[in-house]
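K.L.:
Below are the sequence and a predicted model; questions follow.
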Amino acid sequence: MIKHQSSISSHPVVAIAIGQDNYDRMFTPKAWANLNAFAEVVHHPDPNPAAKPDLLALLPAADAIITSWDVAALDADVLAAAPNLRAMAHMGGSVKRFVSEAVWERGVSVTSAGLALAIDVAETTLGLMIVGMKRVWPLGQHVREGGWRETSWWPARELFAKEVGIIGASNVGRHVITLLQNFSVHILLYDPFVSAEDADRLGVEKVELDDLLQRADVISLHAPSKPDTFHLLNAERLALMKDDALLINTARGTLIDEQALIRELETGRFFAFLDVTDPEPPSAESPLRSLPNVVVIPHIAGCIENCGRMGELAVEELRRFFAGEPPIYPVRPDMFARIG
């Protein structure tokens, strides 16, 4: 078993529930050093993330827990078996599935390292914008097949002077906006939770969704998956998109009516990069696997090989909690209406 424990028993006890097979990609040496400087660490001993029985065994002495993908939820049973638990630091996207009403009733401090994950997703999104506008995928395939510039995919294009539509000012959406400040683009934002004043501060034009779809050369989805965003891009809205537009989804597959998207893609009107689909993965027979104007990648926009930024942020959040300092990214019950 990997040991990274403090020998000072008076320190708060922090339980790590993510499974030891995930340690190398989630925790940097800096994260371990920082954690051991203020905490006694207890480890879920198995390679895989902790299921509910594992949490019941792991948490009786814990003051805090670090969770991530596939760890069981902190439900009422788990909280009852963890009488000292006061803080939870989550590494992943949405924390919603992992938190129960019992967590709020206990007054447990919940923080998310999603801010760090958002950096990876935003950087991938920007990369897809650049290679999508340059038509790197279809042109590369054309050259592989013996061609050169004699194709409808020529000429390649640039982001310069284009209108980029951002759907959702989430952590990812906001970081994409920040990255785009280095490019001479006009950014359109659709987000019903963002005021005109907030949009001005972000340096974007706040617009309605239909206006964005009609105007944008590049459309990038960054909204949560909720009942009111299900099939946000339906057949009618997809039909509003400009010919030759670029559609990117690194958020959630349920945001797009996939059958309607396939029908539009079959006309050849625009190009799509999909990091997420619904269902995921697409069926073996899905046209998304064969159409020339769509690229599906296997949900890799976030960190895959190195998620160390999240580990460092989760540790810093717990250090702040036990030092009585304000958190960087607190999660509160009233935020759940806006997150998926």
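P.N.:
Happy to help now that I have it. Residues are numbered from 1 along each chain as shown.
K.L.:
From now on I want contacts and neighbour counts done on CA atoms only, so please keep to that.
P.N.:
Will do.
K.L.:
Bridging across strands, which residues link to I187?
P.N.:
Residues in a beta bridge with I187, per DSSP bridges, are V164.
K.L.:
what are the ranges of the strands in the stretch 151-300 of the chain?
P.N.:
163-167, 186-190, 205-206, 218-221, 246-249, 271-274, 294-296 (DSSP state E, counting those that start in this stretch).
K.L.:
and these as TSV, adding distance to D198, mean pLDDT and mean neighbour count?
P.N.:
Listed next are these as TSV, based on distance: least, Cα to Cα, whole Å; pLDDT from 0 to 100; neighbours: other Cα atoms under 10 Å:
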stretch	distance to D198	mean pLDDT	mean neighbour count
strand 163-167	14	98	25
strand 186-190	11	98	24
strand 205-206	9	98	20
strand 218-221	19	98	26
strand 246-249	24	98	24
strand 271-274	29	98	22
strand 294-296	33	98	20
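K.L.:
May I see these organised as TSV, with distance to L56 added?
P.N.:
Shown next, in TSV, are the strands of the stretch 151-300 of the chain (distance: least, Cα to Cα, whole Å):
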stretch	distance to L56
strand 163-167	40
strand 186-190	43
strand 205-206	47
strand 218-221	38
strand 246-249	38
strand 271-274	38
strand 294-296	39
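K.L.:
Tell me which of those strands lies nearest to E150.
P.N.:
Closest approach to E150 among the strands of the stretch 151-300 of the chain (Cα to Cα): strand 271-274, 18.7 Å.
K.L.:
Using PDB, list the CA coordinates for the closest one.
P.N.:
Output of strand 271-274 as PDB, limited to C-alpha atoms (Å, rounded to 0.1, in the frame of the first residue of the first chain):
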ATOM      1  CA  PHE A 271     -18.800  20.700 -39.300                       C
ATOM      2  CA  ALA A 272     -18.900  19.400 -35.700                       C
ATOM      3  CA  PHE A 273     -16.400  18.200 -33.100                       C
ATOM      4  CA  LEU A 274     -18.100  16.200 -30.400                       C
END
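K.L.:
what comes into contact with it?
P.N.:
128, 132, 244-250, 265, 293-297 (Cα atoms under 8 Å, 6 or more residues apart in numbering).
K.L.:
Note down every partner strand of it and its orientation.
P.N.:
For strand 271-274, pairing defined by DSSP bridges yields strand 246-249 (parallel), strand 294-296 (parallel).
K.L.:
quick one: which of those is nearest E123?
P.N.:
Nearest to E123, of all the strands paired with strand 271-274, is strand 246-249, at 12.8 Å by Cα to Cα.
K.L.:
pull the CA atoms of that closest one into PDB?
P.N.:
What follows is strand 246-249, C-alpha atoms only, in PDB (Å, rounded to 0.1, in the frame of the first residue of the first chain):
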ATOM      1  CA  LEU A 246     -18.300  25.000 -36.700                       C
ATOM      2  CA  LEU A 247     -20.100  23.300 -33.800                       C
ATOM      3  CA  ILE A 248     -18.100  22.100 -30.700                       C
ATOM      4  CA  ASN A 249     -19.500  20.200 -27.800                       C
END
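K.L.:
Thank you kindly, that will do.
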